[in-house]
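# structure for this input, please:
(chains A and B)
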Amino acid sequence: MTHLRTTLAATTALCATGAVSAADLEVTHWWTSGGEAAAVAEFAREFEEQTEHTWVDGAIAGGGGTARPVMVSRIIGGDPMAAFQFNHGRQAEELIEAGLLRDMTHVAEAEGWRDIVNPPSLLDACTVDGRIYCAPVNIHSWQWLWLSNAAFEKAGLEVPKNWDEFVAAAPALREAGITPMALGGQPWQSSGAFNVLMATLAGPEVLQKIYGDGDADLAAGEEMKRVFKAASDMREMVQGSNVQDWNQATNLVITDQAGGQIMGDWAQGEFAVAGEVAGKDYTCLPGLGVHEVISTGGDAFYFPETGDAEIEAAQDALAATLLNPKTQVAFNLKKGSLPVRSDVDLEAANDCMKKGLEILASGAIMPDVNMLNTEDTNNQLNDLFVQFFQDTSISAEDAQAQFVEIVASKD
Amino acid sequence: MAATRPIRLFRNLSAKIAAIPMILTAMVVFVGGTAWTVTYSFTSSKLLPKTKFVGLDQYERLWGTARWLISIENLLIYGICMMVLSLVIGFLLAALLDQKIRFENTFRTILLYPFALSFIVTGLVWQWLLNPDFGVQSVIRGFGWESFTFDPLYDARIVIYGVLIAGLWQGTGLVMCLMLAGLRGIDQDIWKASRVDGIPAWKTYVFIVIPMMRPVFITTLVIIASGIVKVYDLIVAQTGGGPGIASEVPAKYVYDYMFQGQNLGQGFAASTMMLLAVLVVVIPWAFLEFGGRKRV
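Numbers count the residues shown, from 1 in each chain, chains lettered A, B, ... in the order given. Have a look, this model is predicted:
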């Protein structure tokens, strides 16, 4: 008992010093899968090597949906961490308006972020009323189709080069006992896949008009009708993939039980961990092979107001460290994402990552859905599309009518 | 004379002082919190509470949302089935255990055991049992019945019944124990009298024992009903609301919109509707139960 009490007292003392000492910086994030944890460890290492401060890791397991409410309630509750990760865009909008997050414009100006961050839209997503509130660290894009070469071989088919060939190959895959397409049951996967169909088959301008300007007429129009038609094709193809998590769905493609999957470039980490080689074991089609474009969403770090000058100094140092070339290379190679600056060298990148870099360099980019929609709208879209893809009783026309309603009432 | 008469307010003064913290807690935390929630359900609050009033907009959106309507429907199906089945099964089991059988303690323990598990564990266990690739379906197919199909969790039309099975498995044991306690409270002389009169056992149960057990039934009903309205963790663990949104429930809607959707107003509107639904049931009941006593 005495021993326990001593331990408790020691822990309390540790916590107390942790809160007071300026050099300890608590950073919360939701990167807990194998590849993600390895990537964030690079941040911690670089931060401790390049500055005199200490990184205190505050990982929250369970993904953004679980972690975001925890982070927000800590900030609102007056117990802010020193830095936290969000997907940049509109997720932190209200926290900024309420004055809970620190203005980092002075760091951005000193480090020249305006000139180095590419594409500039990343920095725009951090900017509110001309002030910069976050440090973008990577670019993740959604618009990828991952195909299992062995699955198509087994069905006696060529590996498709675009979406239409993939749809045409579906019946033959079924006959060979392979689920044509994998899709997990988590709601965000369904809406994410639909947004990819929209951005590639109808084009990024359409997505930008609908989500950015809330154009309900366009959402009800012919172009979107075709997208919903494609979505109902996809619904046929995903029948039989009884999995929940995105990585389980990716695993169906890795083990050749499913023909393909629409998923963001983070799926690449799963292929790498399984020892698969791009081009040989699997094929990646950016923009579904139809319209080569990538969205420039990603992760960014925000810095809450703490009122403590020493922590503020350490926050400035962290912000500068996150974007310097050495950190960017080390982090993004592990994470499988693209760096936010074009002046760094990513020689170790694999084929798919190089394709992504090429598209980025060519300028075929579009804003991420998170930058255009609030979480509220995203949640409504999740509800609609998870119902659409998992439940065959709702028709494409009905789904489109509900979609138009969401677009019309979005803010 | 009047000066010596104690003032009513100060009678039992120490007891009243002792009750102040409890009264304050009840007023501030429960009544105050409820009032705050209801007030803010009329605002357009998003991530942070704001006093920008928008009238009934949140409620209009709520009742126009497919997911909310499905949630209500699910809660009704789950609630009615759970209420009826757990009472019937629980009472039958209790009546069977009450026949002075051997190993009664063992049976009672086995039947009550599931109640010791949380809804999360229950949900996960039944998720595996009902999984077509690992669970009941594959076992029976393994015996040679190849066309056997039983996959309620993957069929949007019947998924709520898959959840109901898990809920019943978990909750029936407690109902049985409460009923058994009620049955034990019945005077043995009543049984003797009914035997002397030649009344069949089932008639004795239906017309004599059950009416005598009214207080036990009411307690049980309240316990089951509160479990039904707040059902959340079972759904999260077992189906995650899927397939699609076929097994969503109101409590999950509230959580998802308040925290994940960053739309407090919508979450508050939904929770106000839940409160209203509970009040619609509780007020008439409380009136009958407690209001009636005054007349006696």
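# who's in contact with the helix or strand residue A:253 falls within?
Using DSSP states H and E, residue A:253 falls within helix A:246-254. Helix A:246-254 is touched from outside by A:33, A:146-148, A:151, A:179, A:182-184, A:186, A:189, A:241, A:243, A:258-261, A:263, A:267, A:270-271, A:274, A:276, A:282, with contacts defined as Cβ atoms under 8 Å, 6 or more residues apart in numbering or on different chains. Just so you know, the C-beta spots here come from the backbone N, C-alpha and C atoms, and that holds for glycine as well.
# now, which of those residues lie close to chain B?
Contacts with chain B within the contacts of helix A:246-254, counted by Cβ under 8 Å from any Cβ of the partner chain: residue A:186.
# sort out for me which of the contacts of helix A:246-254 are in helices.
If you go by DSSP state H, those have A:151, A:189, A:267, A:270-271 in helices.
# farthest pair in these?
Farthest-apart pair in the ones in helices among the contacts of helix A:246-254 is A:151 and A:189; separation 19.6 Å (Cβ to Cβ).
# can you say which of the ones in helices among the contacts of helix A:246-254 are buried?
Among the ones in helices among the contacts of helix A:246-254, those classed as buried by 16 or more other Cβ atoms under 10 Å in any protein chain shown are A:151, A:189, A:267, A:270-271.
# quick one: least confident of the residues you listed?
Here the lowest pLDDT out of these sits on residue A:270, with 82.
# for burial, what's the neighbour tally of the nearest residue to that residue once chain neighbours are set aside?
In space, and not counting its chain neighbours, residue A:270 is closest to residue A:250: 4.5 Å by Cβ to Cβ, 6 or more residues apart in numbering or on different chains. Counted with other Cβ atoms under 10 Å in any protein chain shown, residues neighbouring residue A:250 total 25.
# need the contact list for the residue in the stretch 101-250 of chain B positioned nearest to chain A.
Closest to chain A within the stretch 101-250 of chain B is residue B:244: 3.5 Å, counting by Cβ to the nearest Cβ. Shown in contact with residue B:244 (Cβ under 8 Å, 6+ apart): A:386-391, B:156.
# can you show me the helices along the stretch 1-150 of chain A?
Listed in chain order, the helices of the stretch 1-150 of chain A (DSSP state H, counting those that start in this stretch) span A:2-20, A:34-50, A:64-76, A:93-97, A:105-111, A:113-116, A:121-124, A:149-154.
# pull the number of nearby residues for residue B:246.
The tally of other residues near residue B:246 (other Cβ under 10 Å) stands at 23.
# tell me if I'm right that it and residue A:391 touch.
Yes - taking Cβ atoms under 8 Å as the definition, residue B:246 is a contact partner of residue A:391 at 6.0 Å.
# need the residues touching each of these two.
Listed as contacting both residue B:246 and residue A:391 by Cβ under 8 Å, 6+ apart are residue B:156.
# chain B contacts on the stretch 51-200 of chain A?
Within reach of chain B by Cβ under 8 Å from any Cβ, the stretch 51-200 of chain A has these residues: A:65, A:68-69, A:72, A:76, A:91, A:93-95, A:98, A:185-187.
# by neighbours, which of those residues wins?
Counting neighbours by other Cβ under 10 Å, residue A:187 leads these with 27 neighbours.
# show me the contacts for that one.
Counting by Cβ under 8 Å, 6+ apart, residue A:187 touches A:382-383, A:385-386, B:241.
# how much space between it and residue A:91?
For residue A:187, the distance to residue A:91 equals 17 Å [Cβ to Cβ, to the nearest Å].
# skipping adjacent residues, who's closest to the residue in the stretch 201-350 of chain A that chain B sits nearest to in space?
Closest to chain B within the stretch 201-350 of chain A is residue A:242: 5.8 Å, counting by Cβ to the nearest Cβ. Of all residues not flanking residue A:242 in the chain, residue B:154 sits nearest, at 5.8 Å (Cβ to Cβ, 6+ apart).
# measure how buried the one you found is and give me the count.
Close neighbours of residue B:154, defined as other Cβ under 10 Å, add up to 19.
# am I right that it is in contact with residue A:244?
No - Residue B:154 lies out of contact with residue A:244 (Cβ under 8 Å); the separation is 11.3 Å.
# would you list the helices of the stretch 1-150 of chain A in a markdown table and tack on distance to residue B:117?
Output for the helices of the stretch 1-150 of chain A, formatted as a markdown table (distance: least, Cβ to Cβ, whole Å):
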| stretch | distance to residue B:117 |
| --- | --- |
| helix A:2-20 | 29 |
| helix A:34-50 | 31 |
| helix A:64-76 | 23 |
| helix A:93-97 | 39 |
| helix A:105-111 | 51 |
| helix A:113-116 | 53 |
| helix A:121-124 | 48 |
| helix A:149-154 | 40 |
